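# here is my input; please provide its structure:
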Amino acid sequence: MISYEYVVVPAPRRAPKVKGAKTAEARFAHALSEVMNAYGAEGWDYVRSDLLPCDERRGFMGTQTVEHRMMVFRRLVETEQETPAPLAAPDGVPTPEAMAAELPPARAR
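Residues are numbered from 1 along each chain as shown. Sure thing, here's the model as predicted:
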């Protein structure tokens, strides 16, 4: 059975200045690719980004719903698969190996 483990990280909020990236979109794309490459080097595959709501405290008694941009990565989990045991023949029924041993040797033509 295939199983995965997941990691969810916040997307970058700021795009640092990068040589050759003149627009905000280019700087932001570079910041995203750095996060993806860092996790990819550790074996994680990028799945998707989501905008998710989260209730946070505001002031002394209040709450506020804030949306966070999250990046989802996954990788395969190494699991040991159980090998099924061979079925035993019922009592009195010969196994295929025993039947093959009882056959006469083949003659050469």
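
# what sits against the spatially most central residue of the chain?
Computing the C-alpha centroid of the chain and ranking residues by C-alpha atoms, centre = their mean puts Arg75 first, at 2.5 Å. By C-beta atoms under 8 Å, 6 or more residues apart in numbering, the contact set of Arg75 is Tyr4, Glu5, Gly43, Trp44, Asp45. To be clear about C-beta, it is placed using only N, CA and C from the backbone, and glycine gets the same treatment.

# buried ones from those residues, can you make that a ChimeraX selection?
Only the buried entries of those go into this ChimeraX selection, using 16 or more other C-beta atoms under 10 Å:
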select :44
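
# just the contacts of Arg75: which are in strands?
Members of those lying in strands (criterion: DSSP state E): Tyr4, Glu5, Asp45.

# mind pulling up the pLDDT for the first one?
So the one you mean is Tyr4. Tyr4 is assigned a predicted lDDT (pLDDT) of 94.

# what's opposite it in the beta bridge?
Leu76 (DSSP bridges).

# on that earlier part again, closest to Arg27 out of the contacts of Arg75?
For the contacts of Arg75, the residue nearest Arg27 by C-beta to C-beta is Trp44; the value is 23.2 Å.

# okay, now the closest residue to that closest one other than its chain neighbours: neighbour count?
The shortest distance from Trp44 to any non-neighbouring residue, by C-beta to C-beta, 6 or more residues apart in numbering, is to Phe73 (3.8 Å). By other C-beta atoms under 10 Å, the residues close to Phe73 number 21.

# wait, Phe73 sits on Val47?
Yes. Contact criterion C-beta atoms under 8 Å: Phe73 and Val47 qualify, at 6.3 Å.

# what touches both of the two?
Tyr6.

# what's whichever helix in the chain runs longest packed up against?
Longest helix in the chain, counting residues (DSSP state H): helix 24-41. Applying 3 or more C-beta pairs under 8 Å, 6 or more residues apart in numbering; DSSP states H and E, we find helix 24-41 packed against strand 4-10, strand 45-58, strand 62-76.
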